[in-house]
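Participant: model this:
(chains A and B)
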Amino acid sequence: MDRFAGTARFVRTHKLVPMAVAFVVCFIFAIPFLWMILTSIKPTSELFSTPVRFFPEQGVYWRSYVEVWNSGNFDRYFFNSVLVASVATFGSVAISILAGIGFARYKLIGSNTLLLGVLLSQLFPLVLLVPPFYTTMRDMGILDTHLSLIIAYVSFALPFSIWMLTGYFRSIPVELEESAMIDGTSRLGAYVRITLPLAGPGIAATLIYCFILAWNEFLFATTFISSPELRTLPIGLQAFIGQYQTDWNLLMAGAVVTTLPVVVLFVFLQRYLVAGLTAGAVKG
Amino acid sequence: MSRPSPHSKGAVAPEGATALHAPPARARRRIRADAWMGYVLIAPALLMLLAVIGYPLVKAFSMSLHKNILIRPDLGQPFVGLENYRNVLQADYFSNAVFNTLIWTGTNLVAQLVLGLAIALLLNLDFPGRALARGVMLVPWITPSVVAVLTWKWMYDAQFGIFNDLLVRFGVIERGVAWLGNTGTAMTAIIIESIWKGTPFVFVMLLAALQAVPGELYDSAKVDGANSFQRLRFITLPVIRPTMLIAATLTTIFTFNNFNAIWLMTEGGPLRATETLTILVYKRAFQAFDMGEATTVGVITFVMLLLFVIVFGRQYVRSQMES
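Facilitator: Just a heads-up that it's a prediction; the model follows:
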């Protein structure tokens, strides 16, 4: 009996230590995120006080959200971001599906070299592309338009999307298509009716990947877009940094608004995403 | 995470895989017969990549051989050979940027790998609330980078920032420090943000690798009397080594190319103290308006990174090619 209790205690404490350490580590990593939310629900007067007050003292202050949405023009930025990210995602995924089937289902000369090139193209410094992009877009007269961003995002998302989808299509047995063809459908019909539905999770992961990439992008957006009404969320946030004083509660409310869609998408699709994304492309 | 995907470590080969590698004769013939269809399918992707990545790359290289001052279109864009390269390589700001880049990348790499491994080992243990802890660890990774950087900028605020406040409360410092405003502390401050943002990625990769370590290895090691440190040293680390190499390669590349963190916190300042090569390209282009020198720095950066990928990226390429 005694020995039993001892074992139980041992197991419990044995688990208690990693649990406690994990709690501390997770808390430290969560602090910035918590601080963003806490800042967004405090009035300005409570922000600029020393020592710092951790929690809002007069209840949750929602006005920052209303203000940032209306007078901070975040309704506009949000719409712009949704527009740019959606169109870019649609374009990128459509092109990647075609290419993925092409690479997975046909023996093409040099396809391995091509795939390797596709893979390596996402490893070089993106900033190197900014000057040539800028001058080309200027010469084409599409600087300061959403089109310039959409073109850029479609192609930045392509390499990894093609990789992800080629892998998914390869994992679907080609016999399934063949038996559908014996039953009388065409090659393309077999792709549309058999392969695409089976690759659903892969396509979902690719969609989210492209969307988040476009949603978060800052470097090209800040370079190409100069009109305030065309800003996407990341540059809208940056524009909040004032010369003399910054309304941090409004900025953080905007930050929450920017983060929310990404978190929601991620929570719903995390199991599809994590495995795919760690394979190589995304790191903030 | 448990779902096998084409890329996850230790994914079971789908039943179709063998059939794919050795298609029946009839299928093989048909596949060859309409190969043109394959080319049609990949054509849009290739054209797009060529136009939007290939062409600008070539153009960047050509721009680095020309004089091109954005605000002086009257000067034209005369060919100047390697003059830009000579100017850049001799400039103080270039060696400064190389130095900063090495510090920036090196510190981030070591810290993220060590922390990422430690956290992966921790969250691979069995304890209540483990799933939640794993979820929380992903938060920095999925936070949009601009949001993350601006939040940290606010936390670093010299007067009202929580970073100073906590340090003062715990008696580490006496008075608030302008972390981003001092040449001595700015780099460290940005590196801390970057470690926070980047470690979860390393953690996720290593956790996946840890989960794929066969349990029997530990069992037999226990039978042989290996203690937990020996099991870590002689079983765990060797098995996850390939993944660690890949994580290291990717972390290096991503950190090297990081623009947002530095630009949004300090724009490379104060006094170029945080100016890396990436920031330098941007500043040469859009503050000095010298497109020739900007692309020159860019091309040099590109070559450096390319050498790195050739030397260290093989493991990554191999793992991707296999899947």
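
Participant: how close does residue B:72 get to residue B:288?
Facilitator: 12 Å (Cβ to Cβ, to the nearest Å). In this view, the C-beta of every residue, glycine as well, is placed from N, C-alpha and C.

Participant: so residue B:297 touches residue B:87, yeah?
Facilitator: No: Residue B:297 is beyond contact range of residue B:87, at 10.4 Å (criterion: Cβ atoms under 8 Å).

Participant: name the helix or strand for the residue nearest to the spatial centre of chain A, please.
Facilitator: Central residue of chain A (Cα atoms, centre = their mean): residue A:212, 2.1 Å from the mean position. Per DSSP states H and E: residue A:212 is located in helix A:200-216.

Participant: so how far is that helix from its chain's centroid?
Facilitator: Relative to its chain's centre, helix A:200-216 lies at 7 Å (Cα atoms, centre = their mean, to the nearest Å).

Participant: stretch B:304-323 too?
Facilitator: With Cα atoms, centre = their mean, you get 13 Å for stretch B:304-323.

Participant: what does it rub up against?
Facilitator: Stretch B:304-323 has contacts (Cβ atoms under 8 Å, 6 or more residues apart in numbering or on different chains) with A:112, A:115-116, A:119-120, A:123-125, A:163, A:167, A:279-280, B:6-7, B:11, B:242, B:245-246, B:248-250, B:252-253, B:256-257, B:277.

Participant: ok, how many other residues are close to residue B:151?
Facilitator: 25 (other Cβ atoms under 10 Å in any protein chain shown).

Participant: typed the wrong thing, it's residue B:260
Facilitator: If we define neighbours as other Cβ under 10 Å, then residue B:260 has 24 of them.

Participant: with residue A:206 instead?
Facilitator: Other residues close to residue A:206 by other Cβ under 10 Å number 28.

Participant: tell me the pLDDT at it?
Facilitator: The model reports residue A:206 with a pLDDT of 87.

Participant: what do you get for residue A:200?
Facilitator: 81.

Participant: got the domain boundaries for chain B?
Facilitator: B:15-63, B:80-322 (automatic domain parsing).

Participant: mind checking which of those domains is nearest residue A:257?
Facilitator: domain B:80-322 (9.6 Å; Cβ to Cβ).

Participant: from the chain's centroid, how far away is the closest one?
Facilitator: 7 Å.

Participant: how about stretch A:250-259?
Facilitator: On Cα atoms, centre = their mean, the centre of stretch A:250-259 falls 16 Å from that of its chain.

Participant: ditto for stretch A:80-88
Facilitator: With Cα atoms, centre = their mean, you get 12 Å for stretch A:80-88.

Participant: residue contacts, residue A:19?
Facilitator: B:127-129.

Participant: of these, closest to chain A?
Facilitator: residue B:127 (4.3 Å; Cβ to the nearest Cβ).

Participant: which SS class is that closest one?
Facilitator: coil (DSSP: H, G, I helix; E, B strand; the rest coil).

Participant: surely it is in contact with residue A:18?
Facilitator: Yes: if you go by Cβ under 8 Å, residue B:127 and residue A:18 touch, sitting 4.7 Å apart.

Participant: can you name every helix or strand that the worst-scoring helix or strand of chain A on mean pLDDT contacts?
Facilitator: Least confident helix or strand, chain A: helix A:111-120 with a mean of 76, by mean pLDDT, DSSP states H and E. Packing partners of helix A:111-120 (3 or more Cβ pairs under 8 Å, 6 or more residues apart in numbering or on different chains; DSSP states H and E): helix A:74-105, helix A:146-170, helix B:35-49, helix B:314-322.

Participant: ok now it, how far from the chain's centre?
Facilitator: For helix A:111-120, the distance to the chain centre is 24 Å (Cα atoms, centre = their mean).

Participant: report the next helix or strand after that helix in sequence order.
Facilitator: Assignment by DSSP H and E places the next element after helix A:111-120 at helix A:130-140.

Participant: tell me who's in contact with residue 169.
Facilitator: Picking chain A for this. A:100-101, A:103-105, A:195, A:199, A:202.

Participant: chain B, not that one
Facilitator: residue A:51.

Participant: circling back: without its sequence neighbours, what residue ends up closest to the residue nearest to the centre of chain A?
Facilitator: For residue A:212, ignoring the flanking residues on the chain, the nearest one in space by Cβ to Cβ, 6 or more residues apart in numbering or on different chains is residue A:262 at 5.6 Å.

Participant: and that neighbour, which of the three is it?
Facilitator: Per three-state DSSP, residue A:262 ends up helix.

Participant: wait, doesn't it sit right on residue A:209?
Facilitator: No: Residue A:262 is beyond contact range of residue A:209, at 11.4 Å (criterion: Cβ under 8 Å).

Participant: who has more neighbours, the two?
Facilitator: Neighbours per residue (other Cβ under 10 Å) separate residue A:262 from residue A:209, with residue A:209 holding more: 26 against 18.
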